[in-house]
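Engineer: I need the structure of the sequence given here:
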Amino acid sequence: MLILEDVQATLDVGRELGALLRAGDKIALKGTLGAGKTTLARGILAGLGYRGEVPSPTFAIVQPYEPPETRIPVAHVDLYRIEDPEEIPELGLEDSLIDGAMIVEWPDRMPDSFWQDALNIELEITGEGNRRLTWNAGNAWNNRWPLT
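Structural biologist: Here you go, the predicted structure:
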């Protein structure tokens, strides 16, 4: 468990995580609205070298980032608006894992089996206004997470 005291702390953890990301990695970001999922994703993308604006992909659903702007290709996905899981294959998310990684907000819209080898992160707003970050890391994250 990590306690993130402010936005900067969330971005910093994301940057460290982005530096660890490699092709085939999946990161599932869970939490209520306003918990900091997009902020953490912004930090991850910064850790991959991205220097531009990172909008929430709520309306686009999938926002791709490609080299040379990032070290590896990354799909930033927000499944909040997906109502029927049968819509998900149309997004082509599996293809993004061939040579890149995926950061997914609202991952509960996909089958649990998809996330078995992922880094599953949950952000929770605490009573003090901090964020509590907890995780469950699949085998693909051995020796990489948690951050040391």
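Engineer: does Pro89 count as helix, strand or coil?
Structural biologist: The three-state label for Pro89, taken from DSSP: H, G, I helix; E, B strand; the rest coil, comes out as helix.
Engineer: State whether Asn136 is indeed within a helix.
Structural biologist: No - using three-state DSSP, the secondary structure at Asn136 is strand, not a helix.
Engineer: how many other residues sit next to it?
Structural biologist: Neighbour count for Asn136, taken as other C-beta atoms under 10 Å: 13. Placement of C-beta: from N, CA and C, glycine included.
Engineer: so who does the residue nearest to Trp135 when sequence neighbours are not counted touch?
Structural biologist: Distances taken as C-beta to C-beta, 6 or more residues apart in numbering put Ile121 closest to Trp135, at 4.9 Å, once the chain neighbours are dropped. Neighbour list for Ile121: 27-30, 40, 133-135 [criterion: C-beta atoms under 8 Å, 6 or more residues apart in numbering].
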